[in-house]
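S.K.: Coordinates for the following, if possible.
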Amino acid sequence: MMFALFLGGLFFIACLYSSVGHAGASGYLAWMALLGFAPEEMRPTALVLNVFVATIATLRFSRVRPRWQFLLYLLVGSAPLAFIGGFVPVPRHVYRPLVAIVLLAAAVRMLVGKPSETGTTRPSPSPFLLFLTGAVLGLLAGLTGTGGGIFLTPVLILTQWTSAREAAAITAPFVLINSISGLLGVMAGLQSVPTQLLPTVGTVALGGFLGSTLGSTWFSDVWLRRALSVVLVIAALKLLFVP
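M.R.: As a prediction, this is how the structure comes out:
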């Protein structure tokens, strides 16, 4: 019964997060913490699931035809910093509430944003600004142990650099690369991946396929913004209330 509940939660999280181009690491971590999983199991498991869901979301959202050069500049900045961020000790009582406040503010901004903002975009920023943005977000991804999607998507939409749909298409591969980097870091640290949880991959893969299909083809930009607001609130609550 408990395992069925665990799988059901993972499916819902993967479906919700993947609909906006995310892979769900923060949601998986929160769900495992609530169910009493051991800390040493949580991080590697979340990263493994993240890689699978992000791969599916990347493939499904590729039909949106995101600007790959735009993504490349972000990744050049984020990938090295994501790896470094995993080694930087930051007091949990400092960064968790600060990040949660940022996520909640972004969620509110998504909900109260003007309707015209859902479809209009500004000219692409300079390569250096994209590189710098990627570096900052990559560092945050490394510090929080996630793929960084919960930080990237709000930035892309609130700056109007992309539409909500293109933001999802760019976020998915961004999360994938950073998740792989984080998983390699776990393996380099001689931490094992819990093999008893590997069957859950099929569950999140199904949820990721369903969510990313709906997000890339059926849902409007307005719906995507609202779904993203829910994701951001969940992640913020996780940071505030889940140990």
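S.K.: quick one: buried residues of the helix of greatest length in the chain?
M.R.: Ranked by residue count and defined by DSSP state H, the top helix of the chain is helix 164-188. Within helix 164-188, the residues that count as buried by 16 or more other C-beta atoms under 10 Å are 164-183, 185-186. Any C-beta I mention is one placed from the backbone N, CA and C, and that applies to glycine too.
S.K.: right, and the helix or strand after it?
M.R.: helix 200-213 (DSSP states H and E).
S.K.: With Ile177 as the reference, measure out to the spatially most central residue of the chain.
M.R.: For the chain, the residue nearest the mean C-alpha position is Gly149 (3.1 Å; C-alpha atoms, centre = their mean). Distance of Gly149 to Ile177, computed by C-beta to C-beta, to the nearest Å: 11 Å.
S.K.: And Gly27, by the same measure?
M.R.: 20 Å.
S.K.: quick one on the thing from earlier: I figured the residue nearest to the centre of the chain hits Ala169, correct?
M.R.: No - contact criterion C-beta atoms under 8 Å: Gly149 and Ala169 do not qualify, at 11.8 Å.
S.K.: tell me the contacts of Leu71?
M.R.: Going by C-beta atoms under 8 Å, 6 or more residues apart in numbering, Leu71 touches 170, 173-174.
S.K.: quick one, helices of this protein?
M.R.: 2-18, 25-34, 39-61, 68-85, 92-112, 127-144, 149-158, 164-188, 200-213, 221-241.
S.K.: Mean pLDDT added to those, as CSV?
M.R.: What follows is the helices of the chain, written out as CSV (pLDDT from 0 to 100):
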stretch, mean pLDDT
helix 2-18, 86
helix 25-34, 78
helix 39-61, 83
helix 68-85, 88
helix 92-112, 71
helix 127-144, 88
helix 149-158, 84
helix 164-188, 83
helix 200-213, 88
helix 221-241, 73
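S.K.: Leaving out sequence neighbours, find the closest residue to Gly207.
M.R.: The spatial neighbour of Gly207 that comes closest, neighbours along the chain excluded (C-beta to C-beta, 6 or more residues apart in numbering), is Ala14 at 3.2 Å.
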